[in-house]
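J.: Starting from these lines, generate the structure:
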Amino acid sequence: MSANPSAAFARELVASLAARGVEDFVLCPGSRSGPIAHALADAGGDSPPLGAPRVNLHVRIDERAAAFLALGIARGRAVTGSPRPVAIVTTSGTAVGNLMPAVMEAHHAGVPLVLLTADRPGELRGVGANQTTDQVGIFGTFVRWSADAVAPRDGDAPGRAAGLAYRAVAVALGDPARDDMTGTPGPVHLDLEFRDPLGADGGVWHDPPAVDPTPSLGSRTVAHEPAPPALPGVERGVVIAGDGAGEAARAVAEAHGWPLLAEPTSGARAGDACVAGYLPLLRSPEGQALADQVHQVVVIGRPTLTRPVQQLIARAPALYVAAHGARWREAPRHADRVLRSVPASWSARDDGQLELGDSAWLARWHAASAAVTEEERPWGKRAIARTFLASLSPRSIALLGSSGPIRAVDAIAPAWAPEEAPVLLANRGLAGIDGTVSTAVGLALAAGQPVAALMGDVTFLHDVGGLLVGPREHRPRLRIVVVNDGGGTIFAGLEHSQADARNVERVFTTPHGADLGSLCAGYGVGHTVVRGADALSRALAAPPVGIEVVEARLR
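T.: Below you'll find the model as predicted:
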């Protein structure tokens, strides 16, 4: 028996999480979380001790950035075909609260995270002990499950940490048989009490104890629905592919000869049914006339980018929704059918369906789209987005900032051939700019290949601390293109821009005057300034070495 029950519990927890497939742990330093930190220092070191699992340890000093780093790693694992939760470890107090923005994004985007927050033991709660607050249940409905783990004691039998680890991973990955939020991937929270001593004890690593493979998750299981019917075979249908829709959206559109309106991060912006210029089309009189003739709208994934698309959904005479983000039941109330996944019957063809090239309805959308043109400046946001996309090769991975850049990409991105499309991602769960740099770093660490990111200057500054990678930490191959137009100019396209110009500048545009090159130098990150499309193209020609920032300056 270990002389230190906290250390023994921590070793069992880390070993059990690793045994359940958790490979990556993001750690922020702190004293109360010391038992887990010592265990991870062993398991994440160059030569783990006998019996210890081998894990990837990522150490960061800022909890908010660290949480988005974990989110990015989890997204990278998913996009490379090995979805698994990522664990993040913090000490007690404000450290825990700093996780909230990433937890909210993970909740809405369906990203599996395991939050391991250290806490004071029960006798120190509510008595004014330093760095002690109400951590139990702090994340509320933004986690799929949470547990308050009482402090380990001498004489505890093995197995408690293993049981918590098993259940945490199971819930984080989701259970498709459940009709509630435990049925979709997302974050879980273990609040872990630790009593002194908190230091390393040199104890032995044991194999994780066996646990019940079917723990009760504390929520009801529903009977499986009967197989959903095929979609009504109307002529004038439209398929809208939102964030995370996947290739199923393309298959549905092509099976019915319907136009496919695919957002950049849908994973479906490809093929002959895709109307790449749908956004300027829907804003034109010709597009509005076509939208008025739509009989049926099929929404796959979570569309969030533009008002014209939301208006098309809102007035759909018939609406079918599938795979609507992680919170799959959050769909428009007038939907005729809402399904967790896309049924195979939706893309099944019958003898009466037209071949794709024979669809007059689809041809009208393509012809109308080709006739609508929008002026593009030689050097502006869209020109930067176009040059950025041109630098990507098939299956390249790129992260888009959730403000202006993703909208610029949406306006100009082509309909790729399916085998030539890059993988475009963004934090669209809540569409915030929080943690974008850290998410990109995590994505690059998990992908194991160079990753590109495109974001605005305010987004970059909001998470510039994500550039901080310690000298003993692995540095990913990541290039960040920052569109620097001097502030939050996305508000120029919203109703706020009609107010007094001085007020708009101060409280919406928020000009910053920051020297991005000096900030990068302080973090030891390469920095290049470009002022034209040709210079940007040259800057993006070679793969990045470590972390690099290319500042595309518009002012």
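
J.: Could you list the low-pLDDT ranges of the stretch 451-555 of the chain?
T.: Filtered on pLDDT under 70, the stretch 451-555 of the chain yields the residue ranges 488-500, 504-506, 509.

J.: how about the strands in it?
T.: Under the criterion DSSP state E, counting those that start in this stretch, the stretch 451-555 of the chain carries strands at the ranges 451-456, 478-484, 526-530, 547-553.

J.: In JSON lines: those, plus distance to residue 517.
T.: (Each C-beta comes from the backbone N, C-alpha and C, glycine too.) Output for these, formatted as JSON lines (distance: least, Cβ to Cβ, whole Å):
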{"stretch": "strand 451-456", "distance to residue 517": "16"}
{"stretch": "strand 478-484", "distance to residue 517": "10"}
{"stretch": "strand 526-530", "distance to residue 517": "5"}
{"stretch": "strand 547-553", "distance to residue 517": "7"}
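
J.: Which of those strands has the highest mean neighbour count?
T.: The highest mean neighbour count among these, using mean count of other Cβ atoms under 10 Å, belongs to strand 451-456: a mean of 28.

J.: Can you pull the phi/psi pair for residue 299?
T.: Note on residue 299: backbone dihedrals following degrees, to the nearest 10 are phi -110, psi 120.

J.: That one touches residue 237, doesn't it?
T.: No. Look at residue 299 against residue 237 with Cβ atoms under 8 Å: they stay out of range, at 11.5 Å.

J.: More neighbours: these two, which one.
T.: Shown here are residue 299 and residue 237; by other Cβ atoms under 10 Å, residue 299 has more neighbours (28 against 24).

J.: Can you tell me the closest non-neighbouring residue to residue 105?
T.: Nearest non-adjacent residue to residue 105, counting by Cβ to Cβ, 6 or more residues apart in numbering: residue 429, 4.5 Å away.

J.: dump the residue contacts of residue 512.
T.: Taking Cβ atoms under 8 Å, 6 or more residues apart in numbering, we find residue 512 in contact with 457-458, 461, 486-487.

J.: Residue 382 belongs to a helix?
T.: Yes. Residue 382 forms part of a helix when assessed by DSSP: H, G, I helix; E, B strand; the rest coil.

J.: State whether the residue nearest to residue 105 is indeed within a helix.
T.: No. When three-state DSSP is applied, residue 429 is found to be coil, with no helix at that position.

J.: since we're on residue 16, how many residues are nearby?
T.: Close neighbours of residue 16, defined as other Cβ under 10 Å, add up to 24.

J.: Residue 528 reaches residue 551, doesn't it?
T.: Yes. The pair residue 528 / residue 551 is scored as a contact, 6.9 Å apart, by Cβ under 8 Å.

J.: hmm, back to that, which one among the contacts of residue 512 gets closest to residue 44?
T.: Among the contacts of residue 512, residue 461 lies closest to residue 44 (Cβ to Cβ), at 30.9 Å.

J.: and of the contacts of residue 512, the nearest to residue 309?
T.: Nearest member of the contacts of residue 512 to residue 309, counting by Cβ to Cβ, is residue 458, at 24.5 Å.

J.: What separation do you get for the residue nearest to residue 314 when sequence neighbours are not counted and residue 310?
T.: Of all residues not flanking residue 314 in the chain, residue 332 sits nearest, at 7.1 Å (Cβ to Cβ, 6+ apart). Per Cβ to Cβ, to the nearest Å, residue 332 is found 9 Å from residue 310.

J.: Kindly report the same for residue 424.
T.: With distances taken as Cβ to Cβ, residue 424 is found 20 Å from residue 310.

J.: Check residue 183 too.
T.: Noted for residue 183: a distance of 26 Å to residue 310, by Cβ to Cβ.

J.: Which of those two has more residues huddled nearby?
T.: Neighbour count, other Cβ under 10 Å: between residue 183 and residue 310, residue 183 has more, with 21 against 14.

J.: how many other residues sit next to the residue nearest to that one when sequence neighbours are not counted?
T.: Excluding its sequence neighbours, the residue lying closest to residue 183 (Cβ to Cβ, 6+ apart) is residue 175, at 5.2 Å. Per other Cβ under 10 Å, the neighbour tally for residue 175 reads 16.

J.: again, but for residue 207
T.: Residues lying near residue 207 (other Cβ under 10 Å) number 12.

J.: Helix or strand: which one has it?
T.: Assigned by DSSP states H and E, residue 207 falls within no helix or strand.

J.: Isn't it up against residue 52?
T.: No. Here residue 207 lies out of contact with residue 52, judged by Cβ under 8 Å, at a distance of 10.8 Å.

J.: what is in contact with these two at once?
T.: Any residue near both residue 207 and residue 52 by Cβ under 8 Å, 6+ apart counts here, and that gives residue 15.

J.: quick one: which of the contacts of residue 512 is nearest to residue 15?
T.: Closest approach between these and residue 15, by Cβ to Cβ: residue 461, at 40.2 Å.

J.: where does that closest one sit relative to residue 520, distance-wise?
T.: Look at residue 461 and residue 520: by Cβ to Cβ, they are 12 Å apart.

J.: Secondary structure of the residue nearest to residue 183: a helix, I assume?
T.: No. Using three-state DSSP, the assignment for residue 175 is coil, not a helix.

J.: Verify the stated contact: it with residue 186.
T.: No. The pair residue 175 / residue 186 is not scored as a contact, 11.5 Å apart, by Cβ under 8 Å.

J.: Tell me the bridge partners for the spatially closest residue to residue 526 that is not a sequence neighbour.
T.: Leaving aside its sequence neighbours, residue 526 sits nearest to residue 548 (Cβ to Cβ, 6+ apart; 4.3 Å). Taking DSSP bridges as the rule, residue 548 bridges to residue 479, residue 526.

J.: Roughly how far does residue 548 sit from residue 147?
T.: Distance of residue 548 to residue 147, computed by Cβ to Cβ: 42 Å.

J.: Likewise for residue 164?
T.: Computed as Cβ to Cβ, the residue 164 to residue 147 distance reads 6 Å.

J.: now do residue 199
T.: Note on residue 199: its distance to residue 147, by Cβ to Cβ, is 25 Å.

J.: And the two? Which one has more around it.
T.: Ranked by neighbour count (other Cβ under 10 Å), residue 199 and residue 147 place residue 147 first, with 16 against 13.
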